[in-house]
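Colleague: Based on what follows, work out the 3D shape:
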Amino acid sequence: MNARAILAVGAAVPVVLVLGVTLTAAAAGTIDQLPGDCLPTNASGTPQPGAGEGAHLELNAAQRANAVIIYTVGAKMRLPHRAGIVAIATALQESHLVNLGNLGANNDHDSLGLFQQRPSQGWGTPEQIMDPVYASTKFYQRLVRVKGWEQMSVTEAAQAVQRSAFPDAYAKWEPVATKLAGDAAKGLGRDPSAGCGIVGGWTAPVVAPIVSAFRGPGRPDHHGVDFGASRGTPIRAASAGVVIVAQCQTTPADWGCNRDGGISIGGCGWYVEIKHAGNVMTRYCHMLARPAVTVGQRVGAGQILGVVGTSGNSSGPHLHFEVHLGGDSNGTGAVDPVPFMHQHGIELGKK
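Modeller: You can find the predicted model right below:
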């Protein structure tokens, strides 16, 4: 039996028929609360070719209902919010969220349904593929078998499943898919940021103990706190803002950041600075590799900026984190991050 969705994106109609189970929005939220998803829609941080070009597409009620089906199937499979974004972006590219049947000579080989899946390639029978619930389930089953899909950009993850002749085409649908997935999550009573530790728009950059305090004894020029996080730990933006610095800083300059630093090396190594509302600035130092974001890029709270390393003036893997007020990026503008973040509902140093 083909799926019948009667919940449109953003609508208040309370029921969706998915996987043979009728769910109210409230019940769906209590049964299958999604894992938190703090990853950016573009996990690599680099602009994807053609990103946003699909924003002009006007969707009708049937198309929006198909987006809800796709998202809800992923929710029932207990997949993170990001999986829904990837799946919806894929269906936007493949079918514009229209459940396409046999188009004769206009078909791409024997491709059918929302994802243009092919019976000849093992996706199922034509009747199965034309069922949006079945087609969505098969897409997710293949997605989760892709190693590291959670860290891929949307277009990379989609291509890993679809193996399209146009691998960059999915990128243009990211903004639309993100909006549709967000609306679908709300319709199911889910909070995509649940579990990310975001409170009032702020979150801890890492979850690790503080191993060196702000301007502690013998370190009056230590204008931040050091977290004893292990090498490779994701570093997240403490709040939404605009990236104003993303670069390598070492003294001597020719030491570079693509190798470990040391106590005789100066500078932040690979580091990022973000300007937030209220003229607040945060700084993240000693990353392992080039940051995952670029200058001028807008980031959300919890978005991955890079990973913990030990580049620059560093004796071992850790994150050096600073907070500056009044737009002053120098030491005079630095404040202790612990009480600052406490005022915003975030307790730093908790493991």
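Colleague: just for the stretch 51-200 of the chain, where's the confidence low?
Modeller: Applying pLDDT under 70 to the stretch 51-200 of the chain flags residues 51-56, 102-110, 151, 165-168, 193-196.
Colleague: show me where it has helices.
Modeller: Secondary structure of the stretch 51-200 of the chain, counting by DSSP state H, counting those that start in this stretch: helices at 61-76, 81-95, 126-129, 132-143, 154-162, 174-187.
Colleague: How far away from the center of its chain is the second one?
Modeller: The chain centre lies 14 Å from the centre of helix 81-95; the measure is C-alpha atoms, centre = their mean, to the nearest Å.
Colleague: so what secondary structure elements neighbour that helix?
Modeller: Counting by 3 or more C-beta pairs under 8 Å, 6 or more residues apart in numbering; DSSP states H and E, the packing neighbours recorded for helix 81-95 are helix 61-76, helix 132-143, helix 154-162, helix 174-187. In this view, the C-beta of every residue, glycine as well, is placed from N, C-alpha and C.
Colleague: swap the cut-off to 6 Å and go again
Modeller: Packing partners of helix 81-95 (3 or more C-beta pairs under 6 Å, 6 or more residues apart in numbering; DSSP states H and E): helix 61-76, helix 154-162, helix 174-187.
Colleague: Count the residues that sit near residue 69.
Modeller: Counted with other C-beta atoms under 10 Å, the neighbours of residue 69 add up to 26.
Colleague: circling back to that earlier point, which one, of the helices of the stretch 51-200 of the chain, ends up nearest to residue 236?
Modeller: Nearest to residue 236, of all the helices of the stretch 51-200 of the chain, is helix 81-95, at 14.5 Å by C-beta to C-beta.
Colleague: sorry, back to before: dump the helices and strands packed on helix 81-95 to CSV, plus distance to residue 328.
Modeller: As requested, the helices and strands packed on helix 81-95 are exported to CSV (distance: least, C-beta to C-beta, whole Å):
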stretch, distance to residue 328
helix 61-76, 44
helix 154-162, 37
helix 174-187, 34
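Colleague: do you know which of those helices lies nearest residue 132?
Modeller: Here helix 61-76 is closest among those (C-beta to C-beta), at 4.7 Å.
Colleague: pull the CA atoms of that closest one into CSV?
Modeller: Output of helix 61-76 as CSV, limited to C-alpha atoms (Å, rounded to 0.1, in the frame of the first residue of the first chain):
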residue,chain,number,x,y,z
ALA,A,61,0.8,20.6,-1.0
ALA,A,62,1.6,17.1,-2.5
GLN,A,63,5.3,17.9,-2.7
ARG,A,64,5.4,19.2,0.8
ALA,A,65,3.6,16.2,2.0
ASN,A,66,6.2,14.0,0.4
ALA,A,67,8.9,15.9,2.2
VAL,A,68,7.1,15.1,5.5
ILE,A,69,6.9,11.4,4.6
ILE,A,70,10.6,11.3,3.8
TYR,A,71,11.5,13.1,7.0
THR,A,72,9.2,11.0,9.2
VAL,A,73,10.5,7.7,7.9
GLY,A,74,14.0,8.8,9.0
ALA,A,75,12.6,9.8,12.4
LYS,A,76,10.9,6.4,12.8
